[in-house]
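Engineer: The following block contains a protein sequence and its predicted model.
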Amino acid sequence: MKKILCAVLVVIMVLSLAACGNKLKGTYKTEETWGSYVSCTFDGNEVTVKTYVAGVKLLELEGTYEINKDADEITITYGDEQESDDIISGTQSFEKGDGYIKIGTTKLYPQK
């Protein structure tokens, strides 16, 4: 009985670690060109996306995100009242590399 209980606990721990593996934490931003860039701040399953043009914040959207189990797609959803036509949204390809993430064709780098 103890062995079965131990095995069940190990499986639960492994699954919980795997579920946490598809979450991001912190702020990532694109390379800056003439003060223009996009930043994404991830916390739990929430995301805040900001667009800056010439150093001025042009747009800020708050929503949720989900990375699929294969970690190759990300879905970002904003509230109904927020417009998101020209910013990272919907389901796009996702890549997490050494020192960057890539959402669709947008490469973002972690900020300190």
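Structural biologist: Cool, the structure landed.

Engineer: Do you have the helices of the chain handy? List them.
Structural biologist: Assigned by DSSP state H, the chain shows helices spanning 2-20.

Engineer: in the protein, which helix or strand is least confident?
Structural biologist: Among the helices and strands of the chain, helix 2-20 carries the lowest confidence by mean pLDDT, DSSP states H and E, at a mean of 41.

Engineer: how near is Gly99 to Tyr109?
Structural biologist: 7 Å (CB to CB, to the nearest Å). The way it works is simple: take the backbone N, C-alpha and C, and place the C-beta from them, glycine included.

Engineer: Settle it for me: which of the two has more neighbours?
Structural biologist: Tyr109 (12 against 7; other CB atoms under 10 Å).

Engineer: For the nearest residue in space to Glu62 that is not next to it in sequence, name its beta-bridge partners.
Structural biologist: Closest residue to Glu62 apart from its sequence neighbours, by CB to CB, 6 or more residues apart in numbering: Thr48 at 5.1 Å. On the basis of DSSP bridges, Thr48 is bridged to Thr41, Glu62.

Engineer: pretty sure Thr48 contacts Leu61?
Structural biologist: Yes: counting by CB atoms under 8 Å, Thr48 does reach Leu61; the two are 7.2 Å apart.

Engineer: ok, the two, which is more surrounded?
Structural biologist: Leu61 (19 against 14).

Engineer: mind checking how far the more buried one is from Thr105?
Structural biologist: Per CB to CB, Leu61 is found 19 Å from Thr105.

Engineer: now swap in Gly55 and tell me
Structural biologist: 23 Å.

Engineer: quick one: which of those two has more around it?
Structural biologist: When neighbours are counted by other CB under 10 Å, Gly55 and Thr105 differ, and Gly55 comes out ahead with 10 against 7.

Engineer: What count of nearby residues applies to the nearest residue to Thr51 once chain neighbours are set aside?
Structural biologist: Distances taken as CB to CB, 6+ apart place Leu59 nearest to Thr51, at 4.3 Å, with adjacent residues excluded. By other CB under 10 Å, 15 other residues sit near Leu59.
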